[in-house]
Structure formats: C-alpha cells, structure tokens
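Enquirer: Pasting the sequence and the predicted model now:
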Amino acid sequence: MKQEIRSTKFGRYGGQFVPEILMPALEELTEQYERYRDDPTFNKELDYYLRDFAGRPSPLYYARQLSREYGVKVYLKREDLVHGGAHKLNNTLGQALLTRYMGKKRIIAETGAGQHGTACAMAGAAFGIKTEIYMGAKDTQRQRMNVYRMELMGTKVIPVKSGSQTLKDAINEAMRDWATSVETTHYMMGSVVGPHPYPAMVRDFQSVIGKEVRTQIMEKEGQLPDSIVACTGGGSNAMGIFYPFIDDDVDLFAVEAGGSGMKTTEKEALHSASLCMGEEGVLHGMRTKVLQNKYGQILESSSIAAGLDYAGVGPELAYLADTGRIRPCSSMDSEALEAFHDLCRLEGIIPALESSHAVAYVKKAAESGELGDIVVINISGRGDKDLETVMGVRK
Amino acid sequence: MRIGDKFNELKRKNEGALIAYICAGDPTPDDTKRYVVSLIKGGADIIELGLPFSDPTADGPTIQAGIERALNGGMTPDVYFKTVGALRVNTPLVVMTYYNLIFKRGLETFVKDCASSGISGIIVPDLPAEESEELALLCSEYDIDLIFLVAPTTTGARMDRILSRGTGFIYLVARLGVTGARSDIASSTQELIKRVKTATPKAVGFGISNGKQAAEIIHAGADGVIVGSAFVDIIASGKDTEQRLEALARELKDGIRAVKEK
Ligand SMILES: Cc1ncc(COP(=O)(O)O)c(C=O)c1O
C-alpha cells in the first residue's frame, strides 16, 4: 500500500502540473529529498529539533469526561502542545533543514489560518533563513494575531489582494514568486498538496504524529485503536497520523469542513469538502479532487476554520478515498463550534476550530458504533487563535 | 491556417513573426472580435487567445486583471468556442489556457472543439511535457499543434524531451517569473535562444513590450516574438483601444522587419 517516492503519482492522482520554469526545481527537490530522507545525519539533526525545539513527543491523552459524554473511549493526540500550537512545525522544521542542506537562502510559503506561516517563521528564525509569507488579505484580517506573531519572529507577511483573497490565492502568488526566485529560494508548502514531491515529503515529515501514537497507544491499551479521526484541509495532519497505520486494521476518518451546508453556486461552495463533494481536476500542480464549476473554474470554498478553507485536497487522500482505505466525512460549522465548547468545558483543552471538526464527527458517529471502542482524535492545534471568531458567533 | 504554413510564408519573406496575445472576452466577447481585427491590421501574424481560468498561476498582475475582466464579462469555454468560431480571419489562432479547463471539458472534446472552431494550436502553461502524452496524441490526431514552453531553467534531458514533443513553434520563456511587460532584455534570453537547437520555429515571450525589444529578440536569432501584457494594458485603459492595439502591433512588426532588412 505504501507509495514509492519514485513515482510522482498516487494512482492517477498527484503528478507535477506546473509551469516549465519550476520543473527543474521540483526535480532538484525530489532528488535532494530522496537523498536525505534516510540519511542518518539529517534525521539525527531533525530529531534534535523536533525534541528540543518543538517539544516532541506530544502526549496522547485519555479524555475521560469527553469519553463518558460521547460514549466511546477517546484519546487525544495533543499536537496543540507542539511549539507554536499546531502540528505545522513538524513539517516546517523538516523543510527548513532541507533548505539548509540544499544551500538555499530564502524561504517563501503560503498560509491560510496563519498557522503554517507561523511555523515557517519559527523554523526560519531557528535556522537563520530569511522567510517571507503570502497570505490572503482577507485572512490577514481574520487572523491578525498570527500576522503579528510572524512579524515578531522577523518574517515578512505579504497580503494577497487578488481573487478571493484567501488561501488559494496565497498559493497562486507564492507560486508566482517562486517562478521568479527559484534559483535561491525554497517554497515551503504547508500541507500534503501541490506538485510532487510535496505531498509525499510533507506526509513523511508529519508521520512523526502517527508513529508516536502507535507507541503510545500500545503502552496505554496494549492494542491499536479501532479508528483514527482527523480534520482535513489540505490533509497534512490527517496523512501524518494515518500513514503509519495504513497497513493496519484501523479505520481512518478524514473530516472535512461542511461549512454552512453542502451546497454550491456558480462561483462558490458553502463548504470546503473536496473529498466528499469535489470532482477530479488539476489545481496547484496536482491532479486531485477539487471544488469546481461545470467548466472547471475553481470555486471559493468556505469554513469557519480558516485552515480548512481550501478548494483542493492532497492527492494521496483522494487516492485513498477512491480505494476505500480512508472514509471521507464532514462536520458543519455549527457542529464544530459545539464540539469546541465540549472540549473546553469537559477537558480544559481549547482546540483549534479545525481540530474541532474531528471532535464533532466523533460526537456524531460514536452512537452508531461505526468508530468501534477506542478512538484517537488528532487535536491538530490549539484554539487561542480562534477566540475572536468564537466570541463573534456567541454575540 | 496552420502555424507551420505561416512561418514558412514569413521565412520566404525573410521576416520574423509577431504573435499577439489577448484574453478572450476582455472585457466582452464582442470586443475581442474587433480587437483581433485591429491586431491583424497592425501586422500580427498569429493570434493567441487566452481562455480565462480562475487561478492563473503563470500570469502576472496585468493578465490576471484581464482574465478577471473576461470572467466577469461572462466568458466560458462554450462562449469562447462560439466567439472564436465566428472570427473570419486568415491568421493562425492559438488557444492559451490552464489544464483544468481542458481536463474538465474532456481532452478529446476540447481538441475537437478547437479543430471545429478554426484553432490551430494549444498552449497550456501548467502542462509540462511529462504530463502531456494523452493531449499530444489527440492533438496529432486532430491536426492541431501542441506548443510547449522552455525556460531559462530548462536543461539537458528535459530540453530534449520538450523539443521532440513540441510542434508549431517552441515558446521560449525570456526570463524567470510570470508574464508582464519589462523594459530590458535579459542576457539569459539571448543565451536561451542559442541553447534551443531545433528545426521548429522559436518564439520568445514574457516581458516584451516595444519595437526595440522585438528587434533585439529577432536579432538574437528567434523566429518570432510573443507580446501579451502590453496589449492587455491597452485594453485595461479602455481608451482608443482599437487604434492603439493596431499602432502597437505595427510598431512591434516594424521592429521585427527592420532586423531582416539590414
Ligand atoms: C490547527 C490546524 N489544523 C488543521 C489544519 C488543516 O491543514 P491540514 O489539513 O494540512 O492538516 C490547519 C491549517 O492551517 C491548522 O492550522
């Protein structure tokens, strides 16, 4: 089942659909990544940063009250406790180290919620590499604190005013920058999306999550969980926790943002559920499932969680969904909010609104028994960044 | 008219080609029909008509804005083929668009629609040679040229692969970056023109906006010059558009002609 890095595809998904200018850079990145992914020195250094800088391993916490309330045994993988407050740093530390090994002098990236941008800023500062982040102008408004955090760490944040002014436009603009600066700059993709090798590389850097869960659940339960549930925007926290279990008898649930309803118009979707509702297409360098209209124009997606608000999804998830290995599902804004409050109240943990989608799905699905007895939820991030949004809804 | 025939005709006249890009439907489909006529009157030898996509990652701000105007003006692939099919011109037409629009329409349907609306070539900036096999087969079946780009970063085996697959002309990307008018010609452009060794005509684009630059490009050994953003800028201004499109095409073509007369 595991994909050889040599192929640029997952079944018919993935590939490299980018302007010719970028192709040599992707070849170089693939080559360098293949060279270092199993290199002992590289991995020793990465392990050091993951432990002493990021604070790994993150705990696997038995959520007693939530388990009682939801009627299923729930463990929380505490990526919210990773430095910066989200899983995103696992990936950026890996890519920043690779940037150093490749001898490139500058990092650029896109960010939606600002979580990946923040993780880039942290890694960029830690490694002393100049970092610039593209962020949709709309997102710079709704995530002001993250913009400020990035700036504090010496990162330049460039607001993107084209298109819908959200994540997909930030990716477009970062790709344009890269086409100009490719010789000196590494593009740090923030999820398991984009052209090969990003989906495989980001998955590998995030797989530390699932590897830890494996050890931790064996210690606590002496067996693997029945199911693992993760929210899915681009899909990096999901692939990271799923991948080490891909050959096991564990059900894997990818929870997408159902937004305010599973409806679309000519130009926009009320949700961001590309696996559930998308059609095959080519976006941002990859063939995958995409929210698009009948002509192939990309729709503006929507979600209360900025980090899930994306019209595409990682190609490996599209492939695993088609083969039936993962189960795509969704939670709506309102359900995610409810679960957000559950976790705050019952466990003293304030989750990111993204992660709250995963919690919400467990709440819905536990009763039917489809999750089995032991569930692991990936709490991909903490919710401090979302307090203004939640307060806004309360009013 | 086929692209190859046009280049042969120009070769007999010892003349380089002017390839003019505008975005179809910018700002309305009817305007496009008139603008194409102006460009041809001014001396354009081949017309590239953009089919607008919502997420044009290879285009700079000027063409992005044109694409946005066209989408707001109601341009869709259906309207595109109708508009292009209604053009009565004896000039090769080339469609430039992003892969998702082709993919969504169905590769064969798209190529068929090109053939029946009189389009002789297809350019897809986000489709590298590695991913192009299926489209290339269909294009050869329907007698349509599939035009590939080479960049200053393209080398070795990739260059060979592209040159062996490309037909019509080879699109040389003058510089790193995205589309958009610039004032200078990079030395890397001249180098690239020398590096690309092929019997297929070579046309250079990205950043060319005036007659002097066009002359330099032809002087450096290219067979054609591709100009887009400078035309789209005129359309954006919305003033005396037809006259100014024609005048700029004439200036560019004069620059191109001047080289070969020397
Ligand atoms: C906390 C958190 N969870 C999840 C996501 C979604 O990304 P992915 O699907 O790649 O894990 C984000 C994105 O910013 C995030 O910040």
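Expert: Nice, thanks for sending it over.
Enquirer: Could you pick out the longest strand of the chain?
Expert: Since you didn't name a chain, this refers to chain A. When chain A is parsed with DSSP state E, its longest strand is strand A:251-259.
Enquirer: ah, I was thinking of chain B
Expert: strand B:17-23.
Enquirer: Strand partners (parallel or antiparallel) of it?
Expert: Taking DSSP bridges as the criterion, strand B:17-23 sits next to strand B:46-50 (parallel), strand B:224-227 (parallel) in its sheet.
Enquirer: Please work out which of those strands is packed deepest.
Expert: Ranked by mean neighbour count, those are led by strand B:224-227 with a mean of 28 (mean count of other C-beta atoms under 10 Å in any protein chain shown). Every residue, glycine included, has its C-beta placed from N, CA and C.
Enquirer: Any regions of the stretch 101-250 of chain A where pLDDT drops low?
Expert: Within the stretch 101-250 of chain A, no stretch has pLDDT under 70.
Enquirer: Retrieve the pLDDT associated with the one residue in chain B that gets nearest to chain A.
Expert: Going by C-beta to the nearest C-beta, chain A is nearest to B:K104 of chain B, at 3.0 Å. Here, the pLDDT recorded for B:K104 equals 98.
Enquirer: what do you get for the one 5 residues further on?
Expert: B:T109 is assigned 98 on the pLDDT scale.
Enquirer: Only the buried residues of the strand or helix carrying it, if you could.
Expert: Using DSSP states H and E, B:T109 falls within helix B:107-116. Within helix B:107-116, the residues that count as buried by 16 or more other C-beta atoms under 10 Å in any protein chain shown are B:F110, B:V111, B:K112, B:D113, B:C114, B:A115.
Enquirer: ok, now which ones touch the last one?
Expert: Looking back up the chat, that one is B:A115. For B:A115, the contact set (C-beta atoms under 8 Å, 6 or more residues apart in numbering or on different chains) comprises B:Y142, B:D143, B:I144.
Enquirer: What segments of the stretch 101-250 of chain B are helices?
Expert: Using DSSP state H, counting those that start in this stretch, the helices of the stretch 101-250 of chain B run over residues B:107-116, B:133-141, B:156-165, B:187-195, B:211-219, B:229-237, B:241-261.
Enquirer: Tell me which of those lies nearest to B:A17.
Expert: B:A17 sits nearest to helix B:241-261 of all those, at 7.7 Å, using C-beta to C-beta.
Enquirer: now the strands paired with strand B:17-23 in JSON lines, with mean pLDDT?
Expert: Shown next, in JSON lines, are the strands paired with strand B:17-23 (pLDDT from 0 to 100):
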{"stretch": "strand B:46-50", "mean pLDDT": "98"}
{"stretch": "strand B:224-227", "mean pLDDT": "97"}
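Enquirer: So A:I228 versus A:V362, what's the distance?
Expert: Distance from A:I228 to A:V362, counting by C-beta to C-beta, to the nearest Å: 11 Å.
Enquirer: tell me, what's touching the two both at once?
Expert: Joint contacts of A:I228 and A:V362 (C-beta under 8 Å, 6+ apart) are A:V375, A:I377.
Enquirer: neighbour-wise, which of the two wins?
Expert: A:I228 (30 against 26; other C-beta atoms under 10 Å in any protein chain shown).
Enquirer: does that one have beta-bridge partners, and which?
Expert: With DSSP bridges as the rule, A:I228 is bridged to A:L252, A:V376.
Enquirer: show me what contacts it?
Expert: Contacts of A:I228 (C-beta under 8 Å, 6+ apart): A:210, A:213, A:241-242, A:245, A:250-253, A:375-378.
Enquirer: repeat for A:D47
Expert: Contacts of A:D47 (C-beta under 8 Å, 6+ apart): none.
Enquirer: Spatially central residue in the chain, please.
Expert: The chain I'm using is chain A. What sits nearest the mean C-alpha location of chain A, by C-alpha atoms, centre = their mean, is A:S236, with 3.4 Å.
Enquirer: hm, I was asking about chain B
Expert: Note: chain B centre (C-alpha atoms, centre = their mean) maps to B:E48, 4.2 Å.
Enquirer: Show me the shaky parts of chain B.
Expert: Checking chain B against pLDDT under 70 turns up B:181-185, B:260-262.
Enquirer: of all the contacts of A:I228, which comes closest to A:A121?
Expert: Closest to A:A121, out of all of the contacts of A:I228 and judged by C-beta to C-beta, is A:N378, at 22.9 Å.
Enquirer: Run a quick neighbour tally on that closest one.
Expert: 28.
Enquirer: and it, what are its phi and psi?
Expert: The phi/psi pair for A:N378 (degrees, to the nearest 10) reads phi -80, psi 110.
Enquirer: got it, and the one 3 residues further on?
Expert: For A:G381, the backbone dihedrals are phi -170, psi 170 (criterion: degrees, to the nearest 10).
Enquirer: What is the burial count for it?
Expert: Quick note: A:G381 (other C-beta under 10 Å) scores 29 neighbours.
Enquirer: Against B:L146, how distant is whatever residue of the stretch 1-150 of chain B ends up closest to the ligand?
Expert: Among the residues of the stretch 1-150 of chain B, B:D55 lies closest to the ligand, at 18.9 Å counting by C-beta to the nearest ligand atom. According to C-beta to C-beta, B:D55 and B:L146 sit 22 Å apart.
Enquirer: ok, now B:V178?
Expert: 22 Å.
Enquirer: Model confidence for the residue of the stretch 151-300 of chain A at minimum distance from chain B, exactly?
Expert: As assessed by C-beta to the nearest C-beta, chain B sits closest to A:G296 within the stretch 151-300 of chain A, at 3.0 Å. At A:G296, the pLDDT value in this model is 98.
Enquirer: Tell me how chain A divides into domains.
Expert: Structurally, chain A divides into domains by the TED database as follows: A:16-52+A:87-198, A:56-85+A:207-393.
Enquirer: Quick check: which of those is nearest to B:D240?
Expert: domain A:16-52+A:87-198 (27.7 Å).
Enquirer: one step back: which helices and strands does the longest strand of chain A pack with?
Expert: The contact analysis (3 or more C-beta pairs under 8 Å, 6 or more residues apart in numbering or on different chains; DSSP states H and E) places strand A:251-259 against strand A:227-231, helix A:236-242, helix A:274-277, helix A:315-322, strand A:326-332, helix A:333-347, helix A:353-365.
Enquirer: Can I get these in JSON lines including distance to B:R244?
Expert: Shown next, in JSON lines, are the helices and strands packed on strand A:251-259 (distance: least, C-beta to C-beta, whole Å):
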{"stretch": "strand A:227-231", "distance to B:R244": "52"}
{"stretch": "helix A:236-242", "distance to B:R244": "49"}
{"stretch": "helix A:274-277", "distance to B:R244": "43"}
{"stretch": "helix A:315-322", "distance to B:R244": "45"}
{"stretch": "strand A:326-332", "distance to B:R244": "51"}
{"stretch": "helix A:333-347", "distance to B:R244": "50"}
{"stretch": "helix A:353-365", "distance to B:R244": "50"}
